[in-house]
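Chemist: Provided below for reference: sequence and predicted model.
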Amino acid sequence: MNEQDVGQIVVGTIESSGITKPFHETVVASISGANPGQMSMLADLLLETDIPGNHKAIMSAWRQRCTALSITDRRLLSAADGLLERHRTHLHRQAQGWSMNDISEQVSLFQGLITDSGLEDSERTIEMKVCLAQLKVAIDKVLAAFSSP
C-alpha cells in the first residue's frame, strides 16, 4: 500500500461540513469505498482497534465489500470473524456489568489525586479512599467475568 492509498482512506473519512460522525459510521463509509489495498489496511486497523459499538454494521459492510470486490484473501475474509468474536466478548462483558474503561478511569482519577497539590491532605485521603473503593468494584467485576464460563 502506498501513501496515496492511505491518504484516500483518511480523506474519505472526513466530512466537509466539519461535523464528526460516530466511529462506526466513519468505518462503514471507509469500507464502502475501499479498494483491495485499502481493505488490507482497514483489516489491520479493525483487528487492532477496540471498537466501541455497532460491530454488526461494520461486519455487514465488510462482508458486502469483500463480496463486491471478489476478495479471496483468507486474512481479509476472516477480519469479519475477528470482529464477531470481539462483539461477542463485548456483549459478555456488558452482561457481566464491567468494562476495561471502568478500571482505566479509576486508575486515571487515582493518579490525578496523587499529583493534585490543590487538595488538603484530609480531602485527598477521602477522595483516594472513594476512588480505590470504586476501583475495587471494577476489578471485582472483571475477575467475576473472567472466572465465569
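Modeler: Received, thanks.
Chemist: Show me the shaky parts of this protein.
Modeler: 1-18, 93-99, 148-149 (pLDDT under 70).
Chemist: tell me the domain ranges of it?
Modeler: Annotated domains of the chain cover 3-96, 100-147 [automatic domain parsing].
Chemist: Tell me which of these sits most buried.
Modeler: The highest average neighbour count among the domains of the chain, using mean count of other C-beta atoms under 10 Å, belongs to domain 3-96 at a mean of 15. Heads up, the C-betas are built off the backbone N, CA and C, glycines and all.
Chemist: mind pulling up the phi and psi values for Q64?
Modeler: Per-residue torsions, Q64: phi -60, psi -40 (degrees, to the nearest 10).
Chemist: do the same with the one 5 residues further on
Modeler: The phi and psi values for L69, taken as degrees, to the nearest 10, are phi -90, psi 0.
Chemist: How about it, nearest residue that isn't a chain neighbour?
Modeler: In this structure, L69 finds its nearest non-sequential neighbour in P36, 5.8 Å apart by C-beta to C-beta, 6 or more residues apart in numbering.
Chemist: if I look at that neighbour, how far off is H87?
Modeler: P36 sits 24 Å away from H87, going by C-beta to C-beta, to the nearest Å.
Chemist: now do R75
Modeler: R75 is 19 Å from H87, by C-beta to C-beta.
Chemist: Then I139?
Modeler: I139 is 24 Å from H87, where distance means C-beta to C-beta.
Chemist: Which of the helices or strands spans L143?
Modeler: helix 121-147 (DSSP states H and E).
Chemist: ignore the last one, A57
Modeler: Element membership of A57, judged by DSSP H and E, is helix 55-68.
Chemist: Just name whatever secondary elements that helix is in contact with.
Modeler: helix 23-32, helix 36-47, helix 79-96 (3 or more C-beta pairs under 8 Å, 6 or more residues apart in numbering; DSSP states H and E).
Chemist: starting at the chain centroid, how far to the second one?
Modeler: Read it as helix 36-47. From the chain centre to the centre of helix 36-47 is a distance of 15 Å (C-alpha atoms, centre = their mean, to the nearest Å).
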